[in-house]
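>>> return a 3D structure for these sequence lines:
(one chain, ligands or ions: 1)
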Amino acid sequence: MSYRCTHYPIGNTERNAKYERPRMSPGFGFTKALGTLAALAFTSMAWTAAQAADCPYQDALGTSRVLRVDAATFPRVGLKSFPQTLPLADREVVLTFDDGPWRGTTPKVLAALGRECVLATFFLIGKSAAAQPELVRRIAAAGHTVAHHTWSHPNIKQMKPEAATADIDRGIAAVEKALHGAATATPGIAMSTPTTPFFRYPYFEMTPATLDLLQKRGIAVFGADLWASDWEPMKPAQQLKLLTERLQIARKGIILLHDPKAQTAAMLPAFLRYLRHNHYRVVHLVPAAAPTSAATSQGPK
Ligand SMILES: [Zn+2]
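The predicted structure follows:
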């Protein structure tokens, strides 16, 4: 496959600064009171009908339904990399954000999603999660799904098998630790079953050995059905045009975006309005084992 994006290297502050905008004040309610494990587990995994009803914006896009993803049924999804994708209806989209958390832009993305009462999936980089655990908890507390994207965002194909596995595991452990604290996260130990068993390879570069390993562990591997090419610098308006044109052709699918990109954060409010005005519906992914009872009532209409 020919995906060769130019993700910035994590920690490259000089280049990151180019994308960064002044931090936006959070517009929704993460509080320290939600910091208990029980509360966090509920808010991170249990999207409920009550939350939909609680949306304070009458004109919001909203989240139309919850889709439980079981790695046994859907071990690998996303047509850019695999022959299979999620069972989405026409005009149903799944929003996914890679490479966060990033303090300069992730709050802005969360605010845009919150304004439209839309829930997404964030594939986090372990190193960034370890540096900003409060932002990880804030993503989860808003009801989004927190998934995994390695520790240091390497090209797995260029690594020795042991190093590749170690980077994947360290990333999972770092995100789990950010979510739940040290008590449940010992790097390299017992981290092969993350709370949310969703993983995406950096650059979609994968190896048979790691694919087999993830499948054995019950971790679903996510590709994407379409993307915004937001690793290429462009103005938000240009970004919006590119993405909406691709969506008009695809009509549905798992959309890949990057919350650390300022151009993506800037265009997201307009993109969500575009989805609403054009009768698209947003589907929220949760792990099959998520303890939600109300979620199933949000089935396809
Ligand atoms: Zn990435």
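
>>> list the contacts of residue 122.
Going by CB atoms under 8 Å, 6 or more residues apart in numbering, residue 122 touches 96-98, 100-101, 139, 144-147, 259. The C-beta positions use only the backbone N, C-alpha and C, and glycine is treated the same way.

>>> can you list the strands that the host helix or strand of it pairs with?
If you go by DSSP states H and E, residue 122 is part of strand 121-124. Strand 121-124 has its sheet partners listed here by DSSP bridges as strand 92-100 (parallel), strand 145-148 (parallel).

>>> looking at these, which one is packed in the most?
strand 145-148 (a mean of 27; mean count of other CB atoms under 10 Å).

>>> what is the mean pLDDT for that strand?
Averaged across strand 145-148, the pLDDT comes to 98.

>>> which residues touch that strand?
44-45, 119-124, 126, 136, 139-140, 168, 171-172, 175, 179, 194-196, 198-200, 219, 222, 284-287.

>>> of these, select the buried ones using a ChimeraX command.
Listed next is the ChimeraX selection for buried residues among the contacts of strand 145-148, using 16 or more other CB atoms under 10 Å:
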select :44,45,119,120,121,122,123,124,126,136,139,140,168,171,172,175,179,194,195,196,198,199,200,219,222,284,285,286,287
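
>>> among the contacts of strand 145-148, which lie within strands?
Judged by DSSP state E, strands contain the following of the contacts of strand 145-148: 121-124, 198-199, 222, 284-287.

>>> dump these into CSV; add distance to residue 153 and pLDDT as well.
Formatted as CSV, these follow (distance: CB to CB, whole Å; pLDDT from 0 to 100):
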residue, distance to residue 153, pLDDT
121, 17, 98
122, 14, 98
123, 10, 98
124, 10, 98
198, 16, 98
199, 13, 98
222, 15, 98
284, 25, 98
285, 21, 98
286, 25, 97
287, 23, 95
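
>>> farthest-apart pair in the residues you listed, please.
199 and 284 (18.0 Å; CB to CB).

>>> can you tell me which residues in the protein are near the ion?
Within the chain, the positions near the ion by CB under 5 Å from the ion are 98-99, 202.

>>> number of nearby residues for the residue in the stretch 201-301 of the chain positioned nearest to the ion?
Residue nearest to the ion within the stretch 201-301 of the chain: residue 202 (4.6 Å; CB to the ion). Counted by other CB atoms under 10 Å, the residues lying close to residue 202 total 23.

>>> is it in contact with residue 155, as I believe?
Yes - Residue 202 is in contact with residue 155 according to CB atoms under 8 Å; the separation is 6.5 Å.

>>> next, format the residues of the chain next to the ion as TSV and append pLDDT.
Formatted as TSV, the residues of the chain next to the ion follow (pLDDT from 0 to 100):
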residue	pLDDT
98	98
99	98
202	98
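
>>> identify the residues contacting residue 194.
Taking CB under 8 Å, 6+ apart, one finds 148, 172, 175-176, 219 in contact with residue 194.

>>> list phi and psi for residue 130.
The phi and psi torsions at residue 130 (degrees, to the nearest 10) take the values phi -70, psi -30.

>>> same check, this time on residue 255
phi -100, psi 130.

>>> for the one 10 residues further on, same thing?
Here is the backbone geometry of residue 265 (degrees, to the nearest 10): phi -60, psi -40.

>>> again with residue 202
The phi/psi pair for residue 202 (degrees, to the nearest 10) is phi -60, psi 140.

>>> quick one, what contacts it?
7, 149-150, 153-156.

>>> ok, residue 235 touching residue 264?
No - Residue 235 is beyond contact range of residue 264, at 11.6 Å (criterion: CB under 8 Å).

>>> looking at these two, which is more packed in?
residue 264 (25 against 11).

>>> the protein: helices as residue ranges?
Assigned by DSSP state H, the helices in the chain fall at 13-19, 37-45, 49-53, 106-115, 126-131, 133-141, 161-180, 208-216, 236-250, 262-277.

>>> brilliant, that's me finished.
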